[in-house]
Each structure stands twice: as C-alpha cells, then as structure tokens.
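Colleague: need a 3D model of the following:
(2 chains)
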Amino acid sequence: MGDLATRLEITKLARELGVPEDGLAFLADRTPADVKELRAAAAHAVFSRNEERVKRLAALSRMLPVPLTAKIAEHALGPMLSARVAAALDPREAVRLAGHLTPAFLARLAVSLDPARVAPIVQSLPDDLVVDVGRRLLDAGEHLPLGRFVAVVSPAVALRVVDGAAGHDLLQVALFTDEPAALEAIVGALPDARLAEIVRAAADDDAYDAAVSLLLPLSEESCARLVAQVEVLDDHARAAVVEAIAAHDVWPAVLPALHAVDGVHLAGLVNVPATLDVAVVDRVVDHARALDLAPVLVQLVLGFDDAHLDVLRDSKRLRDPDLQDWLVASAGVSGRLVVPVLESLELR
Amino acid sequence: MGEGTTGGLGRVAATLGVPEETLAPLAAYDEVELQRLDELVRAALSAEDRAFEAGLEEALRFVPRLLRGAAKGLLFPGGGRG
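Modeller: Coordinates of the predicted model:
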C-alpha cells in the first residue's frame, strides 16, 4: 500500500508546511515512513521556531481575564497562532479559554492543532463541544484533522461526530486516522450498513486502493465485516477491489475474512479478471499456506468457475506434493473434497 | 533523479534543525529537488515568523491601556519586536 500511504503522508506534510501538495510530488517514490519522518521534523521545526513567543503569549493570557484572552485569540492572533498557544497552555486554562471561544473559531483552530500535543486538553473538553467542532470540520471537508483527532477522543465521541456523515466522508476520515486502535474501535462500533456505505463510496470515487488500505490495520473480525460488504458492489467494482487486493498483495488481511462471505458473493469476488493470472493464484496459495488457512483455500477453489479452474491447472504451488499434503490434512470437514478436486484438475 | 549531495541534504537538515542522518532517505534526490524542499521549509518558517510578529503587535492593541506597559514588557522583552 506504499503509493497510497505515501500520498496521504504527503498531504499531511503539505498541510504542515502550508504548501500545495503538487510542490511535494517529487516525494511520491519515498516510503510512507520516510515522508512521515520528514513531516515530524518539519512539525518540530515549525513548533519550536517561535517557542519563546508562544510562551510569552501564554503568559499574557494568564495575566488577562479569560473573555479578553478569547477576544485576542479570535481577533488578533487568529486560528493558527491560537493553536500554537493552546498547545502551551495548561489543560485547565485551555478548557476555560475554549469555553469563551465560538465553536466556529475552534473548528478553524483545530485545523492547525497537533492532536498529540493537545490530547489532554481535547480529552478535558465537554463532549458536546468536541462533537460540535468535529461536525464543523466534517462539514468543511477537513478530513485530515478529523482523522488525526480520532486518536485522541473516545470512540463514542468519534461516532457521534460521524453520525450521519456520508460514506465518502467516512472513508476519508478513516484513511487519515493514524491510530489503528482508534480505527478498529470505530469500525467495530459502526453497523454493517455504514460499512457498506464506505465500500460503496470507495467504488463511487474509484478509490479501491483506499478501501483496501483500510483493511490492513483492522482486526480479523472487523476486516471480515468490511470485506463482507462487497456484496453491495456490482461486478465491475468487485473486480476492481480484487485487482487492488492483488496489486498491493494484501491477501494476508483479506483471506481470513473470506470465511464470512457467503458462497454467492464469494463466487462474485473470486471470478474476476485478476484471478485469471496464475501468479496471483500462486500468491494466494502461498499466503493461505503461511496463515494455515486450508479451509478458506478450498472454499475459494470451490467458488471458481470453469475459466478460473483452467488457470488452477497451471499453478505450480497447487502441484507441490507438500502443499497438497498440508491441504488434505488441514482442510477440516472439506478435506475429503481435496483429493478428488486436485485429481479432476490433473494436479495430483 | 540523480545522486544527491551532502550539501543539499545538509542545508535542509540545518533549516529543519535535525541531524543530517535523519533525512538519509532523501539522499537520493538531486540538488534541485533538495533546494526546492529547502525553499518550501524556509517559506513555511518565514510565514510562521511573520504571523507571530503581526499577531503579537495586534494582541497588544486589545490589552487595556492600564495593562499595556506590562503586556508590552512581556511580549517584547528588552524593547525588541518579538
């Protein structure tokens, strides 16, 4: 998933530096970790550059009545400088100040906040205020700051923020969520219908890489629930999903989830152009073996149509006697089907 | 993309205030790209500086007259401007 993850990191770096993403396009061939490290260095440089001035402004805020400090924040400093100062305030001071700022200003301020620096402040704010600000960010299409804030608010608050959000918005927020545990908590709490909206949004936006990248940090259970939603897609979209899975070789995340997909939809998933490539089939077999998922492999083979079964005849992996022994021994209740199937494919 | 030089990478590292080794993954970039990156970082830092200079001046205007002297001493120690 290097390409997409790198693009997301470039978006974050561009935001950090206040420059258009095009200006950083030359970083596209770096790994996500490389760009993330550069972003961390840039963020540190930006934050530490005026640290003394930030401390002086924080000291001034302590000298003045809170309503006046709020007025200075909104009318003199603006959202970006106020975000810098907020990070230097004691959480109790910051919460008092937030109570005198308008939610609209707080939403603009949140765009410039580094969630990691202000987590104790955000966690001390009233939930209703956080939800109000979060929904304003959502309305403004600010998916990046929202995705980053998901890691520092409770799943219950995050769910209230995205309650009613369109599938496209859910997908974008999920993509920018740095913290796998936070993403897991949200996906775990969303009903299937909302997950289906995310999958449908990915298809509508032609963002199959994005949808597939979401699978990687999720637990097997959440991954299974998300993969099961491909039933809402048409044939073309399902083929594109499998193509993305194959292109990024994320089978290890997908294979354990396939047991939750019913036979009809599984057939729709496996009988796509991407799986007519024997190299792809062999990769799937390798991953299934590595993960000891013989029953899933049998399930996939049984779902193939004639054209795909013909491809299996050319599989070097399936012809390997060691692999066949493993398949027979590990396929569980479907083990008795393995030998006849292999024989009918002339693989044994 | 050609071989990068320590010069370009060193300049970006100095602008960011990090050891050059931190940016080792960028060593493969050529001088022009590293120069561009350095310019972008410098522009971001300059924009931040200008925003602070203007913000501090502006903040002072909102401070009540009786407190303005103390506030000025706090925001601009030594009489300097930020």
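Colleague: give me the phi and psi for the residue lying closest to residue A:179 once chain neighbours are set aside.
Modeller: Spatial nearest neighbour of residue A:179, excluding adjacent residues (C-beta to C-beta, 6 or more residues apart in numbering or on different chains): residue A:151 at 3.5 Å. From N, CA and C alone the C-beta is placed, and that goes for glycine too. The phi and psi values for residue A:151, taken as degrees, to the nearest 10, are phi -70, psi -20.
Colleague: got the contact list for residue A:151?
Modeller: The neighbours of residue A:151, taking C-beta atoms under 8 Å, 6 or more residues apart in numbering or on different chains as the test, are A:115, A:177-179, A:181-182.
Colleague: identify each buried residue in the lowest-mean-pLDDT helix or strand in chain B, please.
Modeller: Lowest by mean pLDDT, DSSP states H and E among the helices and strands of chain B is helix B:6-16, with a mean of 87. Going by neighbour count (16 or more other C-beta atoms under 10 Å in any protein chain shown), the buried part of helix B:6-16 is B:8-9, B:11-13, B:15-16.
Colleague: of these, which ones also sit close to chain A?
Modeller: Among the buried residues of helix B:6-16, proximity to chain A is found for B:15-16 (C-beta under 8 Å from any C-beta of the partner chain).
Colleague: nearest to chain A, of the buried residues of helix B:6-16?
Modeller: When those are compared for distance to chain A (C-beta to the nearest C-beta), residue B:16 comes out closest, at 4.5 Å.
Colleague: contact partners for that closest one?
Modeller: Contacts of residue B:16 by C-beta under 8 Å, 6+ apart are A:41-42, A:44-45, B:23, B:41.
Colleague: what do you get for residue B:74?
Modeller: The contact partners of residue B:74, by C-beta under 8 Å, 6+ apart, come to A:56, A:59-60, A:63.
Colleague: what residues does chain B have near chain A?
Modeller: Those residues of chain B that sit near chain A, judged by C-beta under 8 Å from any C-beta, are B:1, B:15-18, B:22-23, B:25-26, B:29, B:33, B:36-37, B:40-41, B:43-45, B:47-49, B:51-52, B:55-56, B:58-59, B:61-64, B:67, B:70-71, B:74-75, B:77, B:82.
Colleague: just the buried ones from the residues you listed, in ChimeraX syntax?
Modeller: Selecting in ChimeraX just the buried members of the residues of chain B next to chain A, where the criterion is 16+ other C-beta under 10 Å, is done with this command:
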select /B:15,16,18,22,23,26,29,33,36,37,40,41,44,45,48,51,52,55,56,59,62,63,71,74,75,82
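Colleague: quick one: which of the residues of chain B next to chain A sit in helices?
Modeller: B:15-16, B:33, B:36-37, B:40-41, B:43-45, B:47-49, B:51-52, B:55-56, B:58-59, B:61-62, B:67, B:70-71, B:74-75 (DSSP state H).
Colleague: what residue in chain B is the furthest from its centre?
Modeller: Checked against the mean C-alpha position of chain B, the extreme residue using C-alpha atoms, centre = their mean is residue B:66, at a distance of 33.4 Å.
Colleague: any idea how far residue A:70 is from that one?
Modeller: In this view, residue B:66 and residue A:70 are 20 Å apart by C-beta to C-beta, to the nearest Å.
Colleague: look at residue 51 and report its pLDDT.
Modeller: Picked chain A for this. Among the per-residue scores, residue A:51 shows a pLDDT of 92.
Colleague: chain B was what I was after
Modeller: According to the per-residue confidence, residue B:51 scores 94 in pLDDT.
Colleague: ok, it touching residue A:79?
Modeller: No - look at residue B:51 against residue A:79 with C-beta atoms under 8 Å: they stay out of range, at 10.5 Å.
Colleague: residue A:343: neighbour count?
Modeller: Taking other C-beta atoms under 10 Å in any protein chain shown as the neighbour definition, residue A:343 ends up with a count of 10.
Colleague: what's the helix or strand harbouring residue A:92 packed up against?
Modeller: Element membership of residue A:92 [criterion: DSSP states H and E] is helix A:91-98. Under the contact definition 3 or more C-beta pairs under 8 Å, 6 or more residues apart in numbering or on different chains; DSSP states H and E, helix A:91-98 sits against helix A:51-63, helix A:66-72, helix A:115-124.
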